[in-house]
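In: can you look at this prediction? I've put the sequence above it.
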Amino acid sequence: EVQLLESGGGLVQPGGSLRLSCAASGFTFRSYAMSWVRQAPGKGLEWVSVIYAGGPATYYADSVKGRFTISRDNSKNTLYLQMSSLRVEDTAVYYCAKEAEQLLVRWFFDSWGQGTLVTVSS
Amino acid sequence: QSALTQPRSVSGSPGQSVTISCTGTSSDVGYYNSVSWYEQHPGKAPKLMIYDVTKRPSGVPDRFSGSKSGNTASLTISGLQAEDEADYYCSSYAGSYTLVFGGGTKLTVL
């Protein structure tokens, strides 16, 4: 059974930094691209970033480009999102999501974590 | 990277059919056959219901179907059941290695 478990959320001041983690199990982690998707309270889903299965290729939404960095450690089956220069509008539940097909980015996700809440407030 | 446009809410009675629209542009929905639909119950993670415009993952009832015409994709749920009450989101590949979601539609089963 695929399991994705996010952690690292919490309260941070504007301008601060936070690193989210997503521990994966139940599938061959290194073979799948992974994304972060966020959801502000009471709002819709927003795609944040993707990292390809091989690792080096990463892409970001314009809203976080230059401030967030996605990475993965395939030896630890873990996905990360380093967030810096955080803004109030970054407040959201952050989900990690698994691509549905091995070695490809097909832009749909067959497994999601339960999410971790990031609150940016002074 | 503008969000796709969905109606804020739709409703239907048990056994009826409802259709949720998802309008994008010729650069996303209209250009790529990479439209997906997700169901989200309150406090839960999204669940994939439709991918590649019309395909259903295993385990998703055939009451759920997808289609596309021009810049608008649609999700149709037939034979509405109480457990279908949820928020539904569409998404589309938007080129340049980016994904865009719709604003979400709240489905109420009357």
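Out: Yep, that arrived. Remember, it's a predicted structure, so these values are computed and weren't measured experimentally.
In: all contacts plus neighbour counts: C-alpha atoms, from now on.
Out: Will do.
In: and the most centrally placed residue in chain A, what element?
Out: Taking Cα atoms, centre = their mean, the centroid of chain A lies closest to residue A:36, which sits 2.8 Å from it. When elements are assigned from DSSP states H and E, residue A:36 belongs to strand A:34-39.
In: who in chain B is up against chain A?
Out: Proximity of chain B to chain A, by Cα under 8 Å from any Cα of the partner chain, involves residues B:1, B:34, B:36, B:44-48, B:51, B:89, B:92-93, B:97-104.
In: low pLDDT regions in the chain?
Out: Defaulting to chain A. Within chain A, the segments meeting pLDDT under 70 span A:55.
In: you answered for a different chain; I wanted chain B.
Out: For chain B, the ranges with pLDDT under 70 are B:1.
In: can you tell me how far the residue of it most remote from its centre is from residue A:109?
Out: In chain B, counting by Cα atoms, centre = their mean, residue B:96 sits farthest out from the average C-alpha position, at 22.3 Å. Look at residue B:96 and residue A:109: by Cα to Cα, to the nearest Å, they are 18 Å apart.
In: related to what we said a few turns ago, for the strand holding residue A:36, packing partners?
Out: Where contact means 3 or more Cα pairs under 8 Å, 6 or more residues apart in numbering or on different chains; DSSP states H and E, strand A:34-39 is packed against strand A:45-51, strand A:92-99.
In: can I get these in CSV including distance to chain B?
Out: Below are the helices and strands packed on strand A:34-39 laid out as CSV (distance: least, Cα to the nearest Cα, whole Å):
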stretch, distance to chain B
strand A:45-51, 6
strand A:92-99, 8
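In: turn these into a markdown table, including mean neighbour count and distance to residue B:30.
Out: Shown next, in a markdown table, are the helices and strands packed on strand A:34-39 (neighbours: other Cα atoms under 10 Å in any protein chain shown; distance: least, Cα to Cα, whole Å):
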| stretch | mean neighbour count | distance to residue B:30 |
| --- | --- | --- |
| strand A:45-51 | 24 | 19 |
| strand A:92-99 | 25 | 22 |
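In: residue B:71 is nearest to which of the ones you listed?
Out: Nearest of those to residue B:71, taken as Cα to Cα: strand A:45-51 at 19.8 Å.
In: the closest one: what's the following helix or strand?
Out: strand A:58-60.
In: how about that following strand against chain B, any contact?
Out: Yes - part of strand A:58-60 sits near chain B under the criterion Cα under 8 Å from any Cα, namely A:59, A:60.
In: look through chain B and state the residue closest to chain A.
Out: Residue of chain B nearest chain A, by Cα to the nearest Cα: residue B:103 (5.1 Å).
In: grab the nearest non-local neighbour of that residue.
Out: Residue nearest to residue B:103 in three dimensions, not counting chain neighbours: residue A:44, with 5.1 Å by Cα to Cα, 6 or more residues apart in numbering or on different chains.
In: how about residue B:52?
Out: Nearest to residue B:52 is residue B:34, by Cα to Cα, 6+ apart, at 4.7 Å.
In: how about residue B:48?
Out: residue B:38 (4.6 Å).
In: show me what contacts the one you found?
Out: Shown in contact with residue B:38 (Cα atoms under 8 Å, 6 or more residues apart in numbering or on different chains): B:46, B:47, B:48, B:49, B:50, B:88, B:89, B:90.
In: by neighbour count, which of these wins?
Out: residue B:90 (33 neighbours; other Cα atoms under 10 Å in any protein chain shown).
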